[in-house]
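In: Prediction below, plus the sequence it came from.
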Amino acid sequence: MIRLIKGLALSAALMPWLVGGLLAQEPELQQDPLFATLYPPELIMQHRRAIDLTDEQRDAISQMIQELQGRVVRLQWELLDQMQLLAEATSGTRVDLDRSLDRMEDVLNTERQIKQAHLEMLVRIKNLLTADQQETLDRLKITAAPGGG
């Protein structure tokens, strides 16, 4: 059971929504419904000239990424601690169901906070872009997608 919990913690730590995966344009991200409406920072930076990204926009996006990284790293540490507490709660021969459910609730709440932080950043980035920049990124996403024009 401890091995399973450690595996879950590692999986949670390596979720595609975490900064490394968020900044990498993974095929799974292209299939994500949010990818259709929001723009990962790497996509924007990759096409910064095509969308005429201003220095102010670039600096604002960089600041948002830095803030997200700090926030997510703190939450990842919390998540790992909570996963360990959950493992401890379920490690005995008799398991207190209420205590285990409480521990699981803590884990899920922290995971929700991580995902919410990512969504907040992506929405703020989208709101920073002009309508023309968004249209250009939408076209570039279509042509970059497998089987796209």
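Out: Sure thing, it's come through.
In: from memory Val72 sits against Gln116, does it?
Out: No: judged on Cβ atoms under 8 Å, Val72 makes no contact with Gln116 at a distance of 10.7 Å. Using the backbone N, CA and C atoms, a C-beta is placed for each residue, glycine as well.
In: Looking at these two, which is more packed in?
Out: Here Val72 and Gln116 are compared on neighbour count by other Cβ atoms under 10 Å; more neighbours surround Val72, at 21 against 11.
In: Please identify the buried residues of the helix or strand harbouring that one?
Out: Following DSSP states H and E, one finds Val72 within helix 55-89. Using 16 or more other Cβ atoms under 10 Å as the test for burial, helix 55-89 gives 57, 61, 64-65, 68-69, 71-72, 75-76, 78-80, 82-83, 85-87, 89.
In: same deal with stretch 41-54?
Out: Neighbour-count burial for stretch 41-54 flags 41, 43-44, 47, 51, 53 (criterion: 16+ other Cβ under 10 Å).
In: These in helices, which ones?
Out: Per DSSP state H, helices hold the following members of the buried residues of stretch 41-54: 41, 43-44.
In: and which of the residues you listed is nearest to Thr93?
Out: Of all those, Pro41 has the smallest distance to Thr93: 48.0 Å, by Cβ to Cβ.
In: ok, that closest one touching Ile125?
Out: Yes: counting by Cβ under 8 Å, Pro41 does reach Ile125; the two are 6.5 Å apart.
In: what's the overlap in contacts for these two?
Out: Here Pro41 and Ile125 have 61, 64 as joint contacts, going by Cβ atoms under 8 Å, 6 or more residues apart in numbering.
In: This structure: strands as residue ranges?
Out: For the chain, no strands are identified by DSSP state E.
In: Quick one: find the helix or strand in it with the lowest mean pLDDT.
Out: Within the chain, confidence by mean pLDDT, DSSP states H and E is lowest for helix 19-23 among all helices and strands, at a mean of 43.
In: still on that earlier bit, I'd like the ones in helices among the buried residues of stretch 41-54 laid out as TSV, including distance to Ser100 and pLDDT.
Out: Listed next are these as TSV, based on distance: Cβ to Cβ, whole Å; pLDDT from 0 to 100:
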residue	distance to Ser100	pLDDT
Pro41	38	95
Leu43	40	93
Ile44	42	96
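In: Please tabulate those in CSV and include distance to Thr130 as additional columns.
Out: Output for those, formatted as CSV (distance: Cβ to Cβ, whole Å):
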residue, distance to Thr130
Pro41, 17
Leu43, 16
Ile44, 12
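In: Appreciated, that's everything.
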